[in-house]
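# build me a model:
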Amino acid sequence: MNLNIVVIGLSVTSSWGNGHATTYRALIDAIAKRGHRVTFLERDAPWYRDHRDLAKPSTWTVKLYQSLPELARRFGKLIRDANLVIIGSYVPDGIAISEWVTTHARGITAFYDIDTPVTLAGLDRGLGYISGAMIPRFDLYLSFSGGPVPKMIEDDFGSPLARVLYCSADTSLYRPREAQIKWSLGYLGTYSEDRQPLLERLLLAPAGILPDQRFAVAGSQYPEHLAWRENVERIEHLAPTLHAQFYSEQRFALNATRADMRTLGFSPSVRLFEAAACGTPVISDRWPGIETIFMPSMEILLVSETREVVQILREMPEERRRTIAENARRRILADHTPEHRARQLEAHYLEATARRCRKSTRPSISPQMQVTEI
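Reported below is the predicted structural model:
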C-alpha cells in the first residue's frame with residue numbers, strides 16, 4: 001500500500017511557539033519511510049517565516065501558500081486526487097478549507113485534532129479552525145485524546161469514525177545525550193495563561209524553597225512582566241535540535257498540562273513523550289488516563305502540590321531516578337514511536353476506506369470537475 005497523502009497543517013517549518021511542528025515532523029518522516037508520498041501545505045505566516053527551523057526534508061515535500069484562492073488554484077488537483085487528505089487543528093481559515101476539501105477530495109478526508117481538549121471545550125463558543133457542523137463531513141477524526149474521547153466525538157458530534165492518534169517522539173532526535181546536569185528541574189513549553197499557575201506551583205515555588213538548586217524554563221511568548229527567581233534560568237526559545245541536550249541536562253523534567261487537557265484527560269502532550277525518550281525522568285501533574293500512557297511511580301512521578309516536588313528533588317535516590325527514566329524510555333520505544341503512529345494511521349485509513357465502501361455518505365465527485373476557488 002503506497003498512498004498519496006496531503007496534510008494541511010498549522011506549521012511544520014517552524015517550532016516557534018508551535019508544538020505542532022515536532023509532532024508533524026515525526027509522524028510524516030515515519031509515514032514517508034513506509035513508502036507513502038506526503039505533501040505538507042502550510043500558510044506562509046510571517047511569524048513562522050521569521051523563525052524557520054526545519055531542514056529541507058529528503059523524503060517528503062513542503063509547499064507554502066499565501067491565500068485560500070492560491071491553495072485551491074495551485075493544489076486543487078493534488079488534493080482532489082490524493083488517497084488521504086488530512087487537515088490539522090488551528091489551521092488559519094480551517095472551516096473554509098475543510099468545507100472545500102470535503103466537497104472536492106475524492107479520497108478519504110481526516111481532521112487531525114492535535115488540540116482535542118481545546119476544540120471540544122470551545123465548539124459552542126465558535127472556533128476559527130473547525131465547527132460542529134464540519135465534524136460529520138470528515139471520513140475520519142484523528143483525536144489527540146484517547147480513552148472515551150473518540151466515542152464521545154462519534155456520539156455527541158456525529159463523526160462517522162473517530163480514532164485516537166497520539167503524538168510521539170522521534171527517537172533519532174530525542175535520545176539520551178552525554179551531558180552534565182545543570183538543573184534539578186526544567187520545563188519546556190510555550191506560555192499559556194491557563195497553564196501558568198501550574199508552572200508556578202510545581203516549578204517556581206519549589207525553586208523558592210530550594211535556593212541552592214537550579215531550575216530552567218524554556219519557551220516563547222512569556223509576558224515581559226513575569227518575574228523570575230535568581231535560580232531559575234529563562235531560555236526564550238530552543239529549536240528541536242537542541243531539545244535533547246536540554247532534557248539531558250536536567251535531573252527531572254516537568255510536564256505541566258493545560259486546563260482543558262486536565263479536565264478531559266487522556267491527553268498526553270508531545271513534550272511528555274520527548275522528555276521520556278531522552279532518558280529524563282518526568283514529574284507530571286495528575287490527570288485522568290495518564291496511567292494508560294505511563295505507569296505511575298515506575299515510569300513517571302505524579303504530583304499535585306509544591307511539597308511533593310520538593311520532596312522528590314530533596315530525597316529521591318539517584319538509583320531510583322535512573323530506573324524511572326530507563327523504564328519510561330523503554331515504554332516510549334515499545335509503544336510511542338513515530339513508527340507506531342504511522343502504522344496506526346494506516347490502520348485508521350483502511351478502516352475509513354472499508355466503511356465508505358460499505359456505506360457511502362457523500363455524493364461521488366466527477367473526475368472531470370473543475371477546481372473552484374475557496
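# who are the contact partners of I87?
V7, I8, G9, G94, I97, S98, V101, T109, A110, F111, Y112, F138 (CB atoms under 8 Å, 6 or more residues apart in numbering). Glycine gets a C-beta too; all of them are placed from N, C-alpha and C.
# got phi/psi on the last one?
Main-chain dihedrals, F138, degrees, to the nearest 10: phi -80, psi 140.
# rewinding a little: in helices, which of the contacts of I87 appear?
In helices, defined here by DSSP state H, the members of the contacts of I87 are G94, I97, S98, V101.
# what residues are up against the first one?
With contacts taken as CB under 8 Å, 6+ apart, G94 has the following neighbours: I87, G128, Y129, I130.
# ditto for I209
Going by CB under 8 Å, 6+ apart, I209 touches T306, V310.
# about what we covered before: list buried members of the contacts of I87 by neighbour count.
When these are checked for burial by 16 or more other CB atoms under 10 Å, the buried set is V7, I8, G9, G94, I97, S98, V101, T109, A110, F111, Y112, F138.
# Q66: how many residues sit nearby?
Q66 has 11 neighbours, counted by other CB atoms under 10 Å.
# how far away is it from T280?
According to CB to CB, to the nearest Å, Q66 stands 40 Å off from T280.
# repeat that for A45.
Taking CB to CB, one finds A45 at 32 Å from T280.
# can you give me the buried ones in stretch 11-28?
Result for stretch 11-28 [16+ other CB under 10 Å]: buried residues 11-28.
# quick one: end-to-end length of that stretch, please.
Start to finish, the residues bounding stretch 11-28 are 13 Å apart (CA to CA, to the nearest Å).
# which ones are touching I108?
Per CB under 8 Å, 6+ apart, neighbours of I108: N83, L84, V85, D139, L140, Y349, A352, T353, R356.
# go through the residues you listed and flag which are in strands.
Those of these mapping onto strands are L84, V85, L140, per DSSP state E.
# just the helices in this structure please.
Secondary structure of the chain (DSSP H): helices at 20-33, 46-49, 68-81, 94-104, 116-122, 149-157, 196-199, 205-209, 243-248, 259-264, 270-277, 306-315, 318-335, 338-358.
# dump the ones you listed to TSV, plus mean pLDDT and distance to E236.
Below are those laid out as TSV (pLDDT from 0 to 100; distance: least, CB to CB, whole Å):
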stretch	mean pLDDT	distance to E236
helix 20-33	97	17
helix 46-49	92	14
helix 68-81	97	32
helix 94-104	98	29
helix 116-122	97	24
helix 149-157	98	34
helix 196-199	97	16
helix 205-209	98	18
helix 243-248	98	13
helix 259-264	96	24
helix 270-277	96	17
helix 306-315	98	24
helix 318-335	98	27
helix 338-358	97	28
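# among the ones you listed, which is the most enclosed?
Comparing these by mean neighbour count (mean count of other CB atoms under 10 Å), helix 270-277 comes out on top with a mean of 28.
# how about the contacts of G94 in JSON lines, adding distance to L165?
Converted to JSON lines, the contacts of G94 look like this (distance: CB to CB, whole Å):
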{"residue": "I87", "distance to L165": "14"}
{"residue": "G128", "distance to L165": "22"}
{"residue": "Y129", "distance to L165": "17"}
{"residue": "I130", "distance to L165": "16"}
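# tell me the one among the residues you listed nearest to R195.
When the contacts of G94 are ranked by distance to R195 (CB to CB), Y129 comes first, at 20.2 Å.
# what about the spatially closest residue to the closest one that is not a sequence neighbour, distance to G186?
Of all residues not flanking Y129 in the chain, G94 sits nearest, at 3.2 Å (CB to CB, 6 or more residues apart in numbering). For G94, the distance to G186 equals 33 Å [CB to CB].
# can you check L142 too?
30 Å.
# please apply the same query to S297.
21 Å.
# give me the more crowded residue out of these two.
Neighbour totals were compared for S297 and G186, and G186 leads with 25 against 11 (other CB under 10 Å).
# what bridges to the more buried one?
Legend: beta-bridge partners of G186 under DSSP bridges are A216, A253.
# now do the contacts for it.
F215, A216, V217, A218, F246, Y247, E249, Q250, F252, A253, L254.
# nearest to N2 among those residues?
Nearest to N2 among the contacts of G186 is Y247, at 35.5 Å by CB to CB.
# and for G107, nearest residue in space, chain neighbours not counted?
Closest to G107 by CB to CB, 6+ apart is N83, at 4.4 Å.
# and G128, by the same measure?
Here the residue nearest G128, using CB to CB, 6+ apart, is G94, at 6.4 Å.
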